[in-house]
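A.B. asks: I would like to see how this sequence folds:
(2 chains, ligands or ions: 4)
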Amino acid sequence: MAERVPGIFRRGARILSRYIRANPLAFSLSVLGAAIYAAAAVGTTVIIGRVTNTVIIPTFESGRVERGMVISAGIAILAVGLVRASTIILRRYFAAMVAFRTQRNWRRQLVATYLEVPLKYHRETPTGTLLAHADSDIVAASEVLNPLPFSIGVVTLVVFAIINLAMVDWLLMMIALLLFPGLIIINRLYTRRAELPLGDVQRRVGQVSRVAHESFDGALVVKTLGREQDEVDRLAVAADSLRESRVTLGRIRGTFEPLIEALPNLGIIALLLIGSWLVSVGRLNTGQVVQAAALFGLLAFPMRVFGYFLQELPRSVVASARLDVVIAAEREALATGGVPVLPDTPLAVRFRDVTCRHGEDPPVLEHLDLEIPAGKVVALVGATGAGKSTLCELLPRLVDPEIGVVTLGGIDLRELDPAEVRDAVALVFQETFLFNESARENVTLGEPVSDERLLEAASIAHSIDFIRALPDGWDTEIGERGITLSGGQRQRLALTRALLRRPRVLVLDDATSAVDPVIEAAILRDLRSSLATSTLVVAHRISTIELADEVAFLDGGTIVARGSHAELLSSSPDYVRLVQAYNDLSAGEIS
Amino acid sequence: MSADVTPGSDLAEHDDLARLEHAAAFDDPTALDHERAEAAAAADASEKRGRALTVLRRGLAESPELGRGFKITVLFAIISAIGRLTIPILVQQIIQNGLLADEGFRVGFTLTACGLAAAIVVSVSILSRITYVRLVLTSESMLRNLRVRAFGHAHALSVADHNETRRGDLTARVTSDIETIARFAQYGAVAWIVDTVVVAGTLIVMSFYSWQLALVTMLVATPILPLFRFMQRRQLKGYSIVRTRVGQTFSEISESVQGAAPIRAYGLQRRSRKRLDVAMDQQYKAEMSAARWFAFMFPLGDAFGGIALASVVMIGAWWGPGWGLDAGGLIACLFLVQLILGPIAEIGEILDQTQTAIAGWAKVLNLLDQPIDVVEPQNGTELPAGALALDIEHVGFTYRTGGPVLTDVSIAIPAGTAVAIVGETGSGKTTFAKLLTRLADPTTGVISVGGISLRDIPAASRAEHIRMVPQDGFMFDATLRENIAMGRRGATDADVEAAINELGLDDWVAGLPHGLDTEVGERGEGMSVGERQLVALARAQLADPGLLVLDEATSAVDPRTERTLTNALHRLSEGRTTVSIAHRLSTAEQADLILVFDKGVLVERGSHDELVAEGGRYAELYRSWLGNTGQS
Ligand SMILES: Nc1ncnc2c1ncn2[C@@H]1O[C@H](COP(=O)(O)OP(=O)(O)OP(=O)(O)O)[C@@H](O)[C@H]1O
Ligand SMILES: Nc1ncnc2c1ncn2[C@@H]1O[C@H](COP(=O)(O)OP(=O)(O)OP(=O)(O)O)[C@@H](O)[C@H]1O
Ligand SMILES: [Mg+2]
Ligand SMILES: [Mg+2]
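C.D. replies: Ligands and ions are numbered 1, 2, ... in the order given. A predicted model of the protein is given here:
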């Protein structure tokens, strides 16, 4: 947050007016509360002065208590106190409302962005950054709304005090006028000096939290590698640098806060001195000096409030700008809701001259051609890191190829309604992602589905037995607040999710790696016999490969060989080397 | 406005309030209400833990550095508070006895008093700075140590029970909870001292004029404390709801970020959006109902001020003359009452901050109090180099939740054996592996490695000689080289390259665009799933352990690479005992000894040929496997 912000006031005004226009009523009420409060604060001094002159002094002088006067004095003081109290409520409540609404509004926009940007955006942006936007950036962007109503509300007070001071004596008014910008300058100086360390503190708080998060995330690996001490050292470094910047900031604050606090006091002393001088030269009477001192006292408070506002403004401007950039990110096309154009039968898939890469790296897929005939099962075989997952992600259009096209039922994916693509294609990821919901919700994903269909899908995926054995069956909560499933169970649940949708194209990205081979083969057999779909299955095991109609061998970014398993065994030595390796391992000792 | 206003204090008290309102946000805009709320919610926990004093005592014992020089800091704070109190009184005196003195304008007095006041203002500033900096220095170094210690303790706890929630909690312990203490140390702590001194000092000065009026002020102020506490409780409850709601919003947001791929693949944007909207609306509602208390608590000070002023005026005017009070005395008392309004309101505000900090502190202390279930030995016995024998006697294990996962497992494994573990999902294979590497201690029974009970082997020696490779190849956000080098302390680049070479992975590394300098991304997500497993294996190879435990460590690796790895590990296994868990029976076939687990019981053991001949569970598995792969 150490960025220098040019045109801070102009940009600040634009942002604030945006916030205020979104909540005009609440904001006005809050300002009203602040203004009345300021007036009532003056009122208290006035009333106490009155009471002193009209009640206290006469009472003590005459020695006779005027009951009516005393009681009404008490009531007046009490009333002003209550007005003050209730206007604080007004200001605070509605200021909070404006702030929380603004935050909610930001959060809504941000979340809509997160949901609608292309997957690429998420791959390129650290999770922590995205979460920080939704957390600290939003708070920083709206923080200025706290001192704002008060700052506006006290303006009347300032004007009132200055005019009255001018009426007493222009020289005394000058002291006030000089002090006022003086305080603002000191405040600005303070803000400037604190800016860098403040940014450091924030960054380092973030760093500590990142280290802690990553470290606990990988706690198992930390333990297995025996790196606990290294991790503690890593945190200690982050904690040390956080402490350093906090201390630096503390020193700056220790200098400025008492200074800002002292200034009005010094001002009043200066005023009394100059006032005394003016009295001695006969320009003023003592009463006027006393009054000026009182008026001067009124000024200290608005200056202070305004100072906070000045401190917050740059931060809010920077944070808002940052959020605006995020929100302006390019979104993906949303469903158009058009008439479906794809037939309700298994769909053929074609990759034509597809090139794909991650970031700036050389392409992972290069001029790749592949066809999955309608209703057929194609096994995708390739070495670790060959690009199988990259290819799978093209099908549900999670990413678009850099060059080339992917067609579904003969139509370019980019020309289809995204909703239709999703209805047609189901991808089971290599890494299972389960939502923190019940087993049922994880499978249906909120859509109304009959129990028969649920049962059918679960039977094909061989998940029905373990789901039934869960404490609450289908309604058992999974994940964070629920139970932990073993790897094989998670994969089968994810498979059930895909099958339930009766996809016309099914993509299995090594989706059964943690399932034992016997069950895996059973799943694939059942799949073939009971589901009419085109299937692309990433496989390492021969048992799986052999069940496919056709095998596509991915190597060097393209499909280098295609055909049945037997055909490839005879035609592609590389393929033989890849899959027979596994055979050698097992067959070696059998024969 | 006429000349008869009472000058001096005026709006000074509101200054304090605004400062406090502002302060919490200034240091750290992430000092959100919800963070506050988070710690606040634990206030209940802290109550259970005993009162604030217990936490304080325990906390001080934990952080003795806090006590060092503390007395001097407090003394400074008290002096500067007294100074702060004298300034408005002096200003008032200047006006009363200088400008408006009965005998006329007293130039000499005014000048002297002004000079004195200025001197006090300056010294208070200097003293405040010293106090503040001292406090920051001590509290920051105390918090730094507490943070590091809590973090270390969290890592010392067993990972057997780790899950998502727990990770989040632990992170909160060393971040937001500590931050609540930091905030208190920087604002609340000084405010407590200053405010108490100002209130007490003012009452004392007041009692010189009229002890009766001082008493009245105190009596009026008395009900405010229970009222504060009452509202505070409501506010805490409100915060605790806010905290829950904020937690829900954030877990929804992070789910929509982490599940970005499945959400897109299954077209769940609209659904997620709806759920998020609900969560955010609920959060807003909770925030607004907490804001009610937040808005109501603060003006209590002003309401009290009104009552106190009114009572002092009425009682003073009524009975004052009878008590020998004069007009000047009563005016002075009125002035003094106004001086304590600010501090009283401020105490109301910092009460909240204090409670939050204590709750946060209690949580951190609770973490430190959690017993370490895997206790490292005092003077352990180092493991010898080379292959390690395993002796497992009547081992049973139960997780914190759920029934027994392993029951009465006994087996002796000679050094240098290649062991394979097979069994159905959930049969306890991973749990067994965790026990072998002492990620948890068995609930019953004893495990000895190399003839030494696991409990007697020092952590460093264990890390050097016993190594487990989990299925999930977690990587730190660094380069590939750095990640592999983590396999052994002090590993050089040459060691890393040697390990890769030994495993036959040079081709893979050479094929990466940036080779060993490839950045692997958060959690290693910039690498393919199989590649992450290769890294995990390379780390283990670097350590060259005497006992290697592989838990489905190659499940996502292609067959050729897997064979390369297996061959390499086999070749290198001379000085090594290897325990592998795998779904590929090829692993089992190659093993010297196969252990078959069923529902936590070790049901079969023997070589491949023996077990096939025996015709039990393993034979059955093997047959169906052959049937499936069609290779007989
Ligand atoms: N997010 C990413 N950023 C950068 N590079 C990536 C990313 N994801 C994958 N890669 C790289 O792209 C290549 C292909 O990865 P991909 O995940 O498609 O492989 P794969 O064939 O599925 O491998 P596996 O069998 O291990 O799952 C790998 O070299 C990998 O390191
Ligand atoms: N942290 C935990 N808390 C409670 N129960 C657990 C925990 N981890 C695992 N379990 C339970 O312990 C049992 C054994 O789990 P374990 O992970 O050892 O099985 P596994 O044989 O490795 O299975 P898989 O082949 O799927 O990896 C399972 O029933 C599982 O639900
Ligand atoms: Mg993959
Ligand atoms: Mg397991």
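A.B. asks: Now for the residue nearest to A:Arg453 when sequence neighbours are not counted, how many residues are close by?
C.D. replies: Among residues not flanking A:Arg453 along the chain, A:Leu500 sits closest, at 6.3 Å (Cβ to Cβ, 6 or more residues apart in numbering or on different chains). The C-beta positions use only the backbone N, C-alpha and C, and glycine is treated the same way. Using other Cβ atoms under 10 Å in any protein chain shown, the number of residues around A:Leu500 comes to 21.
A.B. asks: Now for A:Leu500: which residues touch it?
C.D. replies: A:443-444, A:449, A:453-454, A:457 (Cβ atoms under 8 Å, 6 or more residues apart in numbering or on different chains).
A.B. asks: can you confirm B:Leu550 is in a strand?
C.D. replies: Yes: according to DSSP: H, G, I helix; E, B strand; the rest coil, B:Leu550 belongs to a strand.
A.B. asks: That one bridge partners, please.
C.D. replies: B:Val469, B:Ser580 (DSSP bridges).
A.B. asks: closest point of the stretch 251-400 of chain A to ligand 3, which residue?
C.D. replies: A:Ser389 (3.1 Å; Cβ to the ion).
A.B. asks: all strands of the stretch 401-550 of chain B, in order?
C.D. replies: Applying DSSP state E, counting those that start in this stretch to the stretch 401-550 of chain B gives strands spanning B:404-413, B:418-423, B:444-449, B:452-453, B:466-469, B:547-551.
A.B. asks: angle of the first one against strand B:444-449?
C.D. replies: Orientation of strand B:404-413 against strand B:444-449 (axes from the mean of the first three to the mean of the last three Cα atoms, to 10 degrees) gives an angle of 40 degrees.
A.B. asks: what angle sits between strand B:404-413 and strand B:547-551?
C.D. replies: 140 degrees.
A.B. asks: any idea of the mean pLDDT in strand B:404-413?
C.D. replies: In this model, strand B:404-413 has an average pLDDT of 93.
A.B. asks: can you check the second one too?
C.D. replies: The average of the pLDDT scores along strand B:418-423 is 91.
A.B. asks: So what touches that strand?
C.D. replies: Taking Cβ under 8 Å, 6+ apart as the rule, strand B:418-423 contacts B:413, B:429, B:432-433, B:570, B:573, B:577-582, B:585, B:587-588, B:590-598, B:618, B:621.
A.B. asks: what's the angle from it to strand B:547-551?
C.D. replies: Going by the same axes, to 10 degrees, strand B:418-423 makes 30 degrees with strand B:547-551.
A.B. asks: returning to what we had before: ChimeraX command for the buried members of the contacts of A:Leu500?
C.D. replies: Here is the ChimeraX command that selects the buried residues among those (16 or more other Cβ atoms under 10 Å in any protein chain shown):
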select /A:443,444,454,457
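A.B. asks: mind listing which of the contacts of A:Leu500 are in helices?
C.D. replies: Among these, the members found in helices (DSSP state H) are A:443-444, A:453-454, A:457.
A.B. asks: can I get these in JSON lines with pLDDT and distance to A:Pro340?
C.D. replies: As requested, the ones in helices among the contacts of A:Leu500 are arranged in JSON lines below (pLDDT from 0 to 100; distance: Cβ to Cβ, whole Å):
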{"residue": "A:Val443", "pLDDT": "93", "distance to A:Pro340": "24"}
{"residue": "A:Thr444", "pLDDT": "93", "distance to A:Pro340": "21"}
{"residue": "A:Arg453", "pLDDT": "91", "distance to A:Pro340": "20"}
{"residue": "A:Leu454", "pLDDT": "93", "distance to A:Pro340": "24"}
{"residue": "A:Ala457", "pLDDT": "93", "distance to A:Pro340": "22"}
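A.B. asks: Turn those residues into JSON lines, including distance to B:Ala182.
C.D. replies: Output for these, formatted as JSON lines (distance: Cβ to Cβ, whole Å):
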{"residue": "A:Val443", "distance to B:Ala182": "45"}
{"residue": "A:Thr444", "distance to B:Ala182": "46"}
{"residue": "A:Arg453", "distance to B:Ala182": "55"}
{"residue": "A:Leu454", "distance to B:Ala182": "51"}
{"residue": "A:Ala457", "distance to B:Ala182": "52"}
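A.B. asks: and A:Lys223, what element?
C.D. replies: helix A:219-224 (DSSP states H and E).
A.B. asks: Next, see if that helix gets close to ligand 2.
C.D. replies: No: between helix A:219-224 and ligand 2, judged by Cβ under 6 Å from any ligand atom, nothing touches; the nearest distance is 11.1 Å.
A.B. asks: same deal with stretch B:548-561?
C.D. replies: No: Stretch B:548-561 lies apart from ligand 2 when judged by Cβ under 6 Å from any ligand atom; the minimum separation is 6.7 Å.
A.B. asks: So that stretch, near ligand 1 or not?
C.D. replies: Yes: using Cβ under 6 Å from any ligand atom, we find that stretch B:548-561 touches ligand 1 at B:Ala556.
A.B. asks: Let me know the average pLDDT across that stretch.
C.D. replies: Mean predicted lDDT for stretch B:548-561 stands at 87.
A.B. asks: And that stretch, how far out from the chain middle?
C.D. replies: Centroid separation for stretch B:548-561 versus its chain: 35 Å, with Cα atoms, centre = their mean, to the nearest Å.
A.B. asks: Show me what counts as buried in that stretch.
C.D. replies: B:548-561.
A.B. asks: what packs against the next helix or strand after the helix holding A:Lys223?
C.D. replies: Next helix or strand after helix A:219-224 toward the C-terminus (DSSP H and E): helix A:228-280. Helices and strands touching helix A:228-280, by 3 or more Cβ pairs under 8 Å, 6 or more residues apart in numbering or on different chains; DSSP states H and E, are helix A:170-217, helix A:286-327, helix B:70-93, helix B:107-156.
A.B. asks: No further questions, thank you.
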